[in-house]
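Engineer: coords below, sequence missing:
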């Protein structure tokens, strides 16, 4: 029975610290809301970018191409994250690890080839 109560006590400790942390954060935000000055002005709500006055509306449609570039960047960034630990332990993994990494890189290369064939990587 003491084994179970120690287990529950550990989670209770974590729950107490989480509650204190959330309460502290909420309390500090509430104190800031109470004491900060509020002087609404029309100029505060204008769109501002790089010191240039806004022209037209703030809404514009961005091209899907930028989203695809971001996805490709993330894909190859994740590849690098997986390759560093593999490279440090290459001797431990041996031939099996080398074959697995070659398969991983080949799948990523197929994805890059697919994007290239679909002309996604053209900057227009």
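Structural biologist: Yep, that arrived. For clarity, every value in this text was computed on a predicted model and none was experimentally measured.

Engineer: how about stretch 101-113: buried residues?
Structural biologist: By 16 or more other CB atoms under 10 Å, the buried positions in stretch 101-113 come out as residue 101. C-betas here are computed from N, CA, C, even on glycine.

Engineer: Need phi/psi at the residue most central in space within the chain.
Structural biologist: Closest to where the C-alpha atoms of the chain average out (CA atoms, centre = their mean) is residue 74, at 9.7 Å. Dihedral pair for residue 74: phi -60, psi -40, per degrees, to the nearest 10.

Engineer: Kindly report the same for residue 89.
Structural biologist: Dihedral angles (degrees, to the nearest 10) for residue 89: phi -120, psi 30.

Engineer: burial measure for the closest residue in space to residue 98 that isn't next to it in sequence, as a count.
Structural biologist: Nearest-residue entry for residue 98: residue 90, 7.2 Å, with adjacent residues in sequence omitted and distances by CB to CB, 6 or more residues apart in numbering. Using other CB atoms under 10 Å, residue 90 has 11 neighbouring residues.

Engineer: And residue 76, by the same measure?
Structural biologist: If we define neighbours as other CB under 10 Å, then residue 76 has 13 of them.

Engineer: didn't it look like it was pressed against residue 111?
Structural biologist: No - using CB atoms under 8 Å, residue 76 makes no contact with residue 111, being 9.4 Å away.

Engineer: If you count neighbours, what's buried in the helix or strand of the chain with the lowest mean pLDDT?
Structural biologist: Across the helices and strands of the chain, mean pLDDT, DSSP states H and E gives its lowest value to helix 64-88, namely a mean of 83. If you call a residue buried by 16+ other CB under 10 Å, then helix 64-88 has these buried ones: residue 79.

Engineer: Would you mind pulling up the elements that that helix packs against?
Structural biologist: Packed against helix 64-88 by the contact rule (3 or more CB pairs under 8 Å, 6 or more residues apart in numbering; DSSP states H and E) you find helix 90-117.
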